[in-house]
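S.K.: Got a sequence here, can you model it:
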Amino acid sequence: MDSQALTQLAENIKAWGKALGFQQVGICDVDLSRHEKHLQTWLDKGFAGEMQYMHEHGLKRARPAELLAGTVRAISVRMDYLPPDAQFARTLKNKNQAYISRYALGRDYHKLIRSRLKQLGEKIKSECEQLNYRPFVDSAPVLEHALAEKAGIGWTGKHSLTINKEAGSWFFLGELLINLPLPIDTMVKEQCGSCTACLTICPTQAIVEPYVVDARRCISYLTIEQKGAIPEEFRSLIGNRVYGCDDCQLICPWNRYANITAEADFHPRKTLMAKDLLDLFSWDENTFLKLTEGSAIRRIGFERWQRNIAVGLGNAPYSSQVLAALTQARLHASELVAEHIDWAISQQQIKANSHSAALPRQTERLIRSIEKGLSRDA
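M.R.: Predicted coordinates for the structure are as follows:
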């Protein structure tokens, strides 16, 4: 294909992508060599935690051409997922309710976006038979944010997520590696400026410096990727976040421009939105599997789900109901869950003692108030 034909094809691809539900489509080359040193340093410092697959693939993440022979371009796409009536602050403030990262309240995005990318690939192939392509949605060692940045989707924020000045950061990314030398898009200017709100707000201080996240401290990692026990130093900081965390995005000023998703599949399920921790803790494994079918939450399994909710209950206000539920669940809990239930029970007992101690003080203040009133009457 000559340059004019390739330019026209690139324009068509963007139009086809938007018709498939992507809010933005960008094209870039696949030279990510400038990211290799940063990636290796991050791995060497152990910031990947238990994500062994990060070490196994190593620098391959910065070399897309090794994933598909003949790759010369990446088509990067974004799809908004911000649900209507997200209830961010309301759920975070109510410590009796479970906070679930807003991307996980609806259908698992992996299959949906991959299917759309495959449709896009087939559409291109129908116009250009020599096309060879491969779609990715968190499914292979790809530096998706680096590719999105090169493709003009947005810039990499200090929390390491992609930010778009017209859409904030509430969106998923996907990539289509191809063997066609399409014209590339221009990178956008980084516009975080001197803002450090995301670093400051992080409950566990996981953003150790601008653009660097220590996954071992990140609540999303701790509640999703961490397979064993959650380190005790982070449990009280997790609060009621039982699956993921949105704090660094919530504080980002660019998210005032975020758009509500047009995808009904990303709308919250009633069984997951603003649910009491006790309600979710009462699920057995069959209920968990049934109510998380087609959801990203299912990937962590029932045991880690119980582990996370136990931590949330430990951080909830004192309640005899919570204490009773934890004590009852302890009888048949796995070793992993039992450890977190024991911690939660200890936290509830500390609060119970504080609650009991507060009653005499309240009574004493009431008596003093009555005495002052009688004194005035006399």
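S.K.: which outside residues touch stretch 57-64?
M.R.: 30, 32-33, 35-36, 39-40, 43, 54, 66-67, 71, 74, 141-143, 146-147, 175, 177 (Cβ atoms under 8 Å, 6 or more residues apart in numbering). Where you see a C-beta, it was placed from the backbone N, CA and C, and this is true even at glycine.
S.K.: Next up, the contacts around the residue nearest the centre of the chain.
M.R.: Of all residues in the chain, the one closest to the mean position by Cα atoms, centre = their mean is G244, 5.0 Å from it. With contacts defined as Cβ under 8 Å, 6+ apart, G244 is in contact with 100-101, 103-104, 219-220, 223-224.
S.K.: Can you list phi and psi of it for me?
M.R.: phi 80, psi -180 (degrees, to the nearest 10).
S.K.: how close does it sit to Y103?
M.R.: Going from G244 to Y103 by Cβ to Cβ, to the nearest Å gives 7 Å.
S.K.: In terms of helices and strands, where is the closest residue to R330 other than its chain neighbours?
M.R.: Counting by Cβ to Cβ, 6 or more residues apart in numbering, I341 is the residue found nearest to R330 once chain neighbours are left out, at 4.8 Å. Applying DSSP states H and E as the criterion places I341 in helix 335-377.
S.K.: Mind checking the pLDDT average for that helix?
M.R.: Taken as a whole, helix 335-377 has a mean pLDDT of 71.
S.K.: circling back: the contacts of stretch 57-64 in strands, which ones?
M.R.: 74, 175, 177 (DSSP state E).
S.K.: Look up the closest residue to E190, ignoring the ones flanking it.
M.R.: W155 is the one closest to E190 (Cβ to Cβ, 6+ apart), at 4.2 Å.
S.K.: And the pLDDT for the one you found?
M.R.: Note on W155: pLDDT of 98.
S.K.: what residues are up against it?
M.R.: 149, 162-163, 187-192.
S.K.: Report the beta-bridge partner residues of it.
M.R.: Judged by DSSP bridges, the bridge partners of W155 are I163.
S.K.: Dump the ones in strands among the contacts of stretch 57-64 into TSV; add pLDDT and neighbour count as well.
M.R.: As requested, the ones in strands among the contacts of stretch 57-64 are exported to TSV (pLDDT from 0 to 100; neighbours: other Cβ atoms under 10 Å):
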residue	pLDDT	neighbour count
A74	98	28
E175	97	28
L177	97	24
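S.K.: Looking at those, which one is closest to Q306?
M.R.: E175 (34.6 Å; Cβ to Cβ).
S.K.: Backbone dihedrals for the nearest residue to the closest one once chain neighbours are set aside, both of them.
M.R.: Take E175 and drop its neighbours on the chain: the residue closest to it by Cβ to Cβ, 6+ apart is F136, 4.6 Å away. Main-chain dihedrals, F136, degrees, to the nearest 10: phi -140, psi 140.
S.K.: how about F136, what does it touch?
M.R.: 67, 114, 117, 142, 144, 174-177 are the contacts of F136 under Cβ under 8 Å, 6+ apart.
S.K.: Please apply the same query to L177.
M.R.: Contacts of L177 by Cβ under 8 Å, 6+ apart are 30, 64, 67-68, 71, 73-74, 133-134, 136.
S.K.: List the beta-bridge partners for it.
M.R.: A74, R134.
S.K.: for the stretch 101-250 of the chain, what are the low-confidence residue spans?
M.R.: Judged by pLDDT under 70, the stretch 101-250 of the chain has no weakly predicted residues.
S.K.: And the strands in it?
M.R.: According to DSSP state E, counting those that start in this stretch, the stretch 101-250 of the chain carries its strands in the segments 133-136, 155-156, 162-163, 171-178, 207-209, 212-213, 241-243.
S.K.: quick one: D342 from Q348, how far?
M.R.: Distance from D342 to Q348, by Cβ to Cβ: 11 Å.
S.K.: With neighbour numbers in mind, choose between the two.
M.R.: Q348 (24 against 15; other Cβ atoms under 10 Å).
S.K.: give the contact list for the closest residue to that one other than its chain neighbours.
M.R.: Excluding the flanking residues, the one nearest Q348 by Cβ to Cβ, 6+ apart is L323, at 4.8 Å. By Cβ under 8 Å, 6+ apart, L323 lies in contact with 345, 348-349, 352.
S.K.: before we move on, the earlier item: what's the closest of the contacts of L177 to D265?
M.R.: The closest of the contacts of L177, once distances to D265 are taken by Cβ to Cβ, is F136, at 19.6 Å.
S.K.: you'd agree L277 is up against A98?
M.R.: Yes: using Cβ atoms under 8 Å, L277 is in contact with A98, at 5.1 Å.
S.K.: shared neighbours of those two, anything?
M.R.: By Cβ under 8 Å, 6+ apart, the residues touching both L277 and A98 are 240, 242, 309, 312.
S.K.: ok, and the last one, which helix or strand is that part of?
M.R.: Going back to what we said before, that points to G312. helix 301-315.
S.K.: Just give me the closest of the contacts of F136 to N286.
M.R.: R114 (28.1 Å).
S.K.: Apart from its neighbours in sequence, what residue is nearest the closest one?
M.R.: V137 (4.7 Å).
S.K.: quick revisit: for T271, which of the strands of the stretch 101-250 of the chain is the nearest?
M.R.: Each of these was scored for nearness to T271 using Cβ to Cβ, and the closest is strand 241-243 (13.2 Å).
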